[in-house]
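Asker: Provide a 3D model corresponding to the input given below.
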Amino acid sequence: NGDPIMSPANQTNPDETDVDGHFGWDVIEGYYVVRAEYPGCVDPNKPDQAYVESAVLPIPPPVTDLDLRLSCPAIAATPTPTPPGLINGHLTWQGVAAANRPSVTGTLILCNVDAGADYTFTTDTSGNFTVTTSLPDGAYHWRVKGGRHITNSSPTDGGDVNIIGAHATQEFGTQKGGNTNTDNIINALDFNLLKGQFGQSGVKAADFDYNLIVNAQDFTFLKSNFGQAGHDLICP
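Answerer: Numbering: from 1, shown residues only. From the prediction side, this is the model:
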């Protein structure tokens, strides 16, 4: 279909502007009036008129500088939503070199009513990370654990996460390495697995410093933390 007074390149009349408000047509010789309108907008000089119009435009010559402006008091600006419950955290992976810290996967658990909500994260080389929780403002008990570490939790290892204005900043402390399984205690089971993997390279449960080889340094971490257990999360 389309309007026959228009160029075949664009015969849409009426048409819509682009995102920057630009519009235009190729037309045959004649006289034209351009009208602009949008729901909720009016002529700035005639508030009771829901459109603005140009003067009569003789074509040719081409018109390339036509500026039509609407006043839109009824259209409220759409606010940019704040991500709910955004937490900027920091922790230290014991003995893990900066370049290897992003290889560690951590889990943050927050008490939400009667249950814990789990959030998986990785840190940058400085130990910083961000999680979006969708939780409302409030104070939350927490527990954090790395893949080969024992847990820290509040209040033993720090204060609660306090989300205020949809945001919180929290220090989660040092995560102690030496746990090869999910029992959250560094004991003989971990020592035996380290012994069996000693000297091996690749992704190994006993590679506590994440340098892709199980060696004496990993034994040192296990030895220094031997007998220690992680701290449980207690939801109020």
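Asker: So what pairs up with the residue nearest to the spatial centre of the chain in the strands?
Answerer: What sits nearest the mean C-alpha location of the chain, by Cα atoms, centre = their mean, is residue 132, with 6.5 Å. Beta-bridge pairing for residue 132 (DSSP bridges): residue 86.
Asker: Isn't residue 163 up against residue 135?
Answerer: Yes: between residue 163 and residue 135 a contact is recorded at 6.2 Å, counting by Cβ atoms under 8 Å. Using the backbone N, CA and C atoms, a C-beta is placed for each residue, glycine as well.
Asker: Model confidence at the residue nearest to the centre of the chain, what's the number?
Answerer: Looking at residue 132, its pLDDT is 91.
Asker: Run the chain-centre distance for the helix or strand of the chain with the lowest mean pLDDT.
Answerer: Sorting the helices and strands of the chain by mean pLDDT, DSSP states H and E puts strand 115-122 at the bottom, at a mean of 83. Centroid displacement of strand 115-122 relative to its chain, using Cα atoms, centre = their mean, to the nearest Å, is 15 Å.
Asker: so what does that strand touch, helix or strand wise?
Answerer: Packed against strand 115-122 by the contact rule (3 or more Cβ pairs under 8 Å, 6 or more residues apart in numbering; DSSP states H and E) you find strand 105-112, strand 128-132.
Asker: tilt between the first one and strand 115-122?
Answerer: Following axes from the mean of the first three to the mean of the last three Cα atoms, to 10 degrees, one obtains 150 degrees for the angle between strand 105-112 and strand 115-122.
Asker: buried sites along stretch 91-101?
Answerer: 91, 92, 93, 94, 95, 96, 100, 101 (16 or more other Cβ atoms under 10 Å).
Asker: now the helices for this protein?
Answerer: 188-197, 216-225 (DSSP state H).
Asker: got those as TSV, with mean pLDDT, mean neighbour count and distance to residue 27 columns?
Answerer: Shown next, in TSV, are the helices of the chain (pLDDT from 0 to 100; neighbours: other Cβ atoms under 10 Å; distance: least, Cβ to Cβ, whole Å):
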stretch	mean pLDDT	mean neighbour count	distance to residue 27
helix 188-197	96	16	78
helix 216-225	95	17	77
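Asker: Which of the ones you listed sits closest to residue 142?
Answerer: Judged by Cβ to Cβ, the one of the helices of the chain that comes nearest to residue 142 is helix 216-225, at 21.0 Å.
Asker: now the closest one and helix 188-197, what's the angle there?
Answerer: 170 degrees.
Asker: From the contact counts, what lies against helix 216-225?
Answerer: Helix 216-225 is packed against helix 188-197, with contacts defined by 3+ Cβ pairs under 8 Å, 6+ apart.
Asker: re earlier: what sits in contact with each of residue 163 and residue 135?
Answerer: Counting by Cβ atoms under 8 Å, 6 or more residues apart in numbering, the shared contacts of residue 163 and residue 135 are residue 85.
Asker: sorry, back to before: kindly indicate which of the buried residues of stretch 91-101 lies nearest residue 206.
Answerer: residue 95 (12.9 Å).
Asker: Near residue 140, how many other residues are there?
Answerer: Residue 140 has 23 neighbouring residues, counting by other Cβ atoms under 10 Å.
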